[in-house]
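Student: Need coordinates for the below:
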Amino acid sequence: MKKGTDHSKNLARIKRVEGQIRGIANMVEDERYCVDILTQIKAARSALRSLESRILEEHLNHCVKKAVKSKNSKESEEMVSELIEIIKKARQ
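Tutor: This next block holds a predicted model:
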């Protein structure tokens, strides 16, 4: 695991998503109306996408910029390869 970006500021978002997921579990246990459960699932997915975008942006602005500025071609190539893999996986 590479260290670089400080992710502590994302913890509040992660905890919010965690709470949403627990809420969905409670709704299922309580046999709530399906549309209400689906609405909450959609909200949790949206929150996760937002978190994903924020972390990707931080990665580009910190880790990738640092690799490019270092003029270390191997490190830069690794970063680009990682990004390509992430994008490929996101499309699946």
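Student: hmm, who's touching the strand or helix carrying residue 37?
Tutor: In this assignment (DSSP states H and E), residue 37 forms part of helix 34-58. Residues outside helix 34-58 that contact it (Cβ atoms under 8 Å, 6 or more residues apart in numbering) are 5, 7, 10, 13-14, 16-17, 20-21, 23-24, 27-28, 86. In this view, the C-beta of every residue, glycine as well, is placed from N, C-alpha and C.
Student: ok, 7 Å please
Tutor: Helix 34-58 has contacts (Cβ atoms under 7 Å, 6 or more residues apart in numbering) with 5, 10, 13, 14, 16, 17, 20, 21, 23, 24, 27, 28.
Student: Tell me the confidence at residue 40?
Tutor: With respect to pLDDT, residue 40 scores 98.
Student: circling back to that earlier point, contacts for the helix or strand just after the helix holding residue 37?
Tutor: For helix 34-58, the succeeding helix or strand toward the C-terminus, using DSSP H and E, is helix 65-69. Contacts made with helix 65-69 from outside it, assessed by Cβ under 7 Å, 6+ apart, are listed as 75, 76, 79.
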